[in-house]
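A.B. asks: the sequence isn't on hand, but the structure is:
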């Protein structure tokens, strides 16, 4: 009987010690990190698109000059896109976010996300950008047929994208075969 009491006390002490470790800062279990939001994922895609697209020499960015990623219309990214781009650069070009109110003002950016708030104006916006070597991106079913280059789609719970390579070529852009292979086929 004595050995059972001793064994019970040892177990209680061990349990107490293990529980006390829980409250020590160095031994706390890290909180699970939340899954990234849809727009955090889309912001990361926009950043990565810049790595896999070549602009024509006539639209080349001067050495050390920023690469502009713009948003036309409502900024559905809120702070997510700015956070993703902050402090990042590609081949010595810092990335900068610009918000635009018109297509005419956006002609000096390299990547332009056209917000769904501009859906009824896609054709006019894309016509205004005609001749500019801008990678246009959006997230509605009407974007690719209107002449946009990349369109985000949700498949299951995953953010994916479609590429209109003909529209890219008309804009003078060359999209890497690696990026093209990741795209969802157009319907």
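C.D. replies: Thanks, I have the structure now. All of these numbers come straight from a predicted model, not from anything done at the bench.
A.B. asks: grab the longest strand from the protein for me.
C.D. replies: Counting residues, the longest strand in the chain under DSSP state E turns out to be strand 93-100.
A.B. asks: mind listing what's buried in the very next helix or strand once past that one?
C.D. replies: Going down the chain from strand 93-100, the next helix or strand is strand 111-114, by DSSP states H and E. Buried residues in strand 111-114, counted by 16 or more other Cβ atoms under 10 Å: 111, 112, 113, 114. Quick note: C-beta positions are derived from backbone N, CA and C, even for glycine.
A.B. asks: what is strand 111-114 packed up against?
C.D. replies: With contacts taken as 3 or more Cβ pairs under 8 Å, 6 or more residues apart in numbering; DSSP states H and E, strand 111-114 sits against helix 38-49, strand 67-72, strand 135-138.
A.B. asks: now distance to residue 101 and mean pLDDT too, for those, in TSV please.
C.D. replies: Listed next are the helices and strands packed on strand 111-114 as TSV, based on distance: least, Cβ to Cβ, whole Å; pLDDT from 0 to 100:
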stretch	distance to residue 101	mean pLDDT
helix 38-49	19	96
strand 67-72	8	96
strand 135-138	16	98
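A.B. asks: out of the ones you listed, nearest to residue 171?
C.D. replies: In terms of Cβ to Cβ, the element of those nearest to residue 171 is strand 135-138, at 7.4 Å.
A.B. asks: and the contacts of that closest one?
C.D. replies: Contacting residues not belonging to strand 135-138 are listed as 46, 49-50, 53, 110-116, 122, 126, 129, 143, 148-152, 167-168, 171, 173 [Cβ atoms under 8 Å, 6 or more residues apart in numbering].
A.B. asks: quick one: contacts of the helix or strand following that strand?
C.D. replies: Counting by DSSP H and E, the element after strand 135-138 in chain order, helix or strand, is helix 143-146. Outside helix 143-146, the residues within contact range by Cβ under 8 Å, 6+ apart are 114, 122, 123, 126, 136, 151, 162, 164, 167, 186.
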